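Chemist: Give the three-dimensional model of this entry:
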Amino acid sequence: MNAPAGSVVPKRVGFYAGTFDPVTVGHLDVIERASRLVDRLVIGVAHNPGKNPLMPLDERIACVEEALPAIRQNTGGDIVVVPFDSLLVKAVREHGATLIFRGLRVLSDFDYEIQMSGVNRKLDAGIESVFLMASERTQFISSRLVKEIASYGGDISEFVTPGTQVRLLAHLADRKNVSA
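Modeler: Have a look, this model is predicted:
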């Protein structure tokens, strides 16, 4: 359906939030798929000190931004990365989004995400949650497991981008040096 001449067609804006410590190929898969469904996708990198992130916020943002040129080339998507330190629905509203994208890997993700979706819907009925199932090639990847594998010297090159791998390994080495 085409809009009448002279009318403004509202943009569909989605918001995909996470701590991204580190951003994995699973996250990037969700970003690419979500960007195909909206006119603009805002990637919200959460400050979230409660999760005790290994990498500082600015580096987590840089890791996400480093991966976006290839995704933009594949999708033609308008994708931006922003930090946030508030309730998710507040950040979503501030960026004009009406959709929250969430990736689901396993059943336990669904249990948690359905609760969050209900709370977010209660806080703002104008915001919908959209769940994207992890692709078969990424459903077993989590940031926590990537950090654990890396901390024991395992190869994480299939799970993160090269730039993210370098940053993550540097932070793990720093942490070992501090505790030594």
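Chemist: Quick check: buried residues in stretch 33-41?
Modeler: For stretch 33-41, burial by neighbour count (16 or more other Cβ atoms under 10 Å) applies to 33-35, 38, 40-41. Any C-beta I mention is one placed from the backbone N, CA and C, and that applies to glycine too.
Chemist: sorry, that was for stretch 19-37
Modeler: Under the neighbour-count criterion of 16+ other Cβ under 10 Å, stretch 19-37 has 19-35 buried.
Chemist: So which of the buried residues of stretch 33-41 are in strands?
Modeler: 40-41 (DSSP state E).
Chemist: out of the buried residues of stretch 33-41, which one sits closest to Ile114?
Modeler: Ala34 (18.4 Å; Cβ to Cβ).
Chemist: sorry, back to before: what's the most distant pair in the buried residues of stretch 33-41?
Modeler: Maximum pairwise distance in the buried residues of stretch 33-41, criterion Cβ to Cβ, is 15.0 Å, between Arg33 and Arg40.
Chemist: Now, the buried residues of stretch 19-37 that are in helices?
Modeler: 25-35 (DSSP state H).
Chemist: Out of those residues, which is nearest to Arg102?
Modeler: Val30 (8.2 Å).
Chemist: Check the closest one and give its pLDDT.
Modeler: Per-residue confidence (pLDDT) for Val30: 97.
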